[in-house]
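Asker: Have a look at this prediction, sequence included:
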Amino acid sequence: MNDKTKHSASDTKLVTSGRHADQHAGAVNPPVFRASTILHPDLETLESKGQRYTYGRRGTPTTDAFAEAMTALEGGAGTVLLPSGLAAVTTAILALTASGDHILLTESCYGPTRAFCHGLLRRFGVDFTIFDPLIGADIEKLIRPDTKLIFLESPGSLTFDVQDVPAIASIARARGIKTALDNTWATPLYFKPLAHGVDVSIHAATKYISGHSDCLLGTITANAATWDAVLDTHGRLGMSVSGDDAYLGQRGLRSLSPRLQRHRETAEKLIAWLAQRPEVSRILYPAHPRDPGYALWQRDFTGATGLFGLELVPAPKAALSAFFRGFSLFGIGWSWGGYESLIVPAHAHRENQPGNGERVRISAGFEAPEDLIADLARAFDRFNAARPKA
Ligand SMILES: *Cc1c(COP(=O)(O)O)cnc(C)c1O
């Protein structure tokens, strides 16, 4: 793994964008505005909506600070903030579809994204088709006259498939179809969906952006062609974020680059060790030279983060339970991207993906890699003790 993170103007934007210290008494960080009511000086200003801030739900300097930084990083026309990553996914989809439309949805997407399409969108007359994330330019064959949106997630946060985003986005654009991409794994630092032809980039800022497992937050950054629709739907749905959470989002951005470097460094140390283990049949990490997504990752991404998967050799359920019972450092829990390492089973086999062992997903945190490896070594001892002897 010799492709180290490329530093770029984005590193500088992480530090400078959205802050406006001159407007906040020189404070380095924008203050937290907690506001519902915002006062107007007179009737004329109230009626003309002639001031920048009109009501807390419609934004404050704190939400602006985070949104402005995300817009700068993603290179979009604007960003809206939402109370969770899932709210960002669902709001983006609602903004870009109407009754009678059809969506193409990648099979590698976050589970609740698919569940939203299945369980709620269908009730409102929006149909969808799941496609193989590795479809590339063959997406063209699945396009129907009523197809209005292609939803991507690359790499998938459970399957780690990397999609040929430029190929899919250029076909979509030629056919007048909008594209949205869940960019949570790469963060705005390592992949730029809009620069690759995508219309809308979505983040669960809950993960690496906030980075401390203490905040739920979503963002949608839209290009000029989709910004009005995204802003309108966001407003009509009443989506808003507290000043405290918006503050944590923008604060997380400031240290995102060094945090991600550390996440990746540890992930690579764990992977180098795991790849030698007889209990591991496969590593799922786009920055790993043997990963099927490596070539696309190298072409389109400027770095890698610390979330990866692995496949264990086939074993009874009791061995998997033994593996998970007794970690001293790895936490067993959903979400990822915080400072603490996490491990979960990842039951997300795609239909056409090889392999028949259990999958596990690891979010590499900031503990000493040697301590994490020792924790995993003990887990493999438990796993082996609970397996039938060969
Ligand atoms: C976690 C996650 C989400 C949802 O984010 P929440 O803040 O938990 O709602 C969406 N997409 C991906 C890829 C995620 O990992």
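Answerer: Great, that's in hand. Just so it is clear, the structure is predicted and the values come from calculations on it, not from any experiment.
Asker: Only C-alpha atoms from now on, for both contacts and neighbour counts.
Answerer: Fine.
Asker: what's the burial count for the residue in the stretch 101-250 of the chain that the ligand sits nearest to?
Answerer: Residue nearest to the ligand within the stretch 101-250 of the chain (CA to the nearest ligand atom): A204, separated by 4.3 Å. Per other CA atoms under 10 Å, the neighbour tally for A204 reads 27.
Asker: ok, now R236?
Answerer: Under the neighbour criterion other CA under 10 Å, R236 is assigned a count of 8.
Asker: where does the residue of the stretch 101-250 of the chain closest to the ligand land on pLDDT?
Answerer: At A204, the pLDDT value in this model is 98.
Asker: Run through the residues of the protein sitting next to the ligand.
Answerer: S84, G85, L86, Y110, S157, D182, T184, A204, T206, L216, L217, S335 (CA under 6 Å from any ligand atom).
Asker: Strands - which of these land there?
Answerer: D182, A204 (DSSP state E).
Asker: And the buried ones among the residues of the chain next to the ligand, selectable in ChimeraX?
Answerer: Restricted to the buried members of these, where burial is judged by 16 or more other CA atoms under 10 Å, the ChimeraX selection command reads as follows:
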select :84,85,86,110,157,182,184,204,206,216,217
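Asker: what helix or strand is Q51 on?
Answerer: Secondary-structure assignment from DSSP states H and E places Q51 in no helical or strand segment.
Asker: For it, which non-adjacent residue is closest in space?
Answerer: Distances taken as CA to CA, 6 or more residues apart in numbering place T45 nearest to Q51, at 6.8 Å, with adjacent residues excluded.
Asker: Does that neighbour touch R52 like I think?
Answerer: No - checked against CA atoms under 8 Å, the pair T45 and R52 is beyond contact range at 10.5 Å.
Asker: quick one, which of those two is more surrounded?
Answerer: T45 (13 against 10).
Asker: next structured bit after the helix or strand containing the more buried one?
Answerer: T45 is part of helix 43-48 when elements are defined by DSSP H and E. The first helix or strand that comes after helix 43-48 along the chain, using DSSP H and E, is helix 61-74.
Asker: next helix or strand past that next one?
Answerer: Moving on from helix 61-74 towards the C-terminus, the next helix or strand you reach (DSSP H and E) is strand 78-82.
Asker: Contacts for that next one next, please.
Answerer: Applying CA atoms under 8 Å, 6 or more residues apart in numbering, the contact partners of strand 78-82 are 63, 67-68, 70-71, 88, 217-223, 227, 230-231, 234, 239-241, 246.
Asker: Kindly report the same for stretch 318-326.
Answerer: Counting contacts by CA under 8 Å, 6+ apart, the residues outside stretch 318-326 that touch it are I332, E358, A379, F380, D381, R382, F383, N384, A385, A386, R387.
Asker: what do you get for stretch 268-284?
Answerer: 1, 159-160, 291, 308-313, 357, 369, 372-373, 380.
Asker: gap between it and the chain center?
Answerer: Computed by CA atoms, centre = their mean, to the nearest Å, the separation of stretch 268-284 from the middle of its chain amounts to 24 Å.
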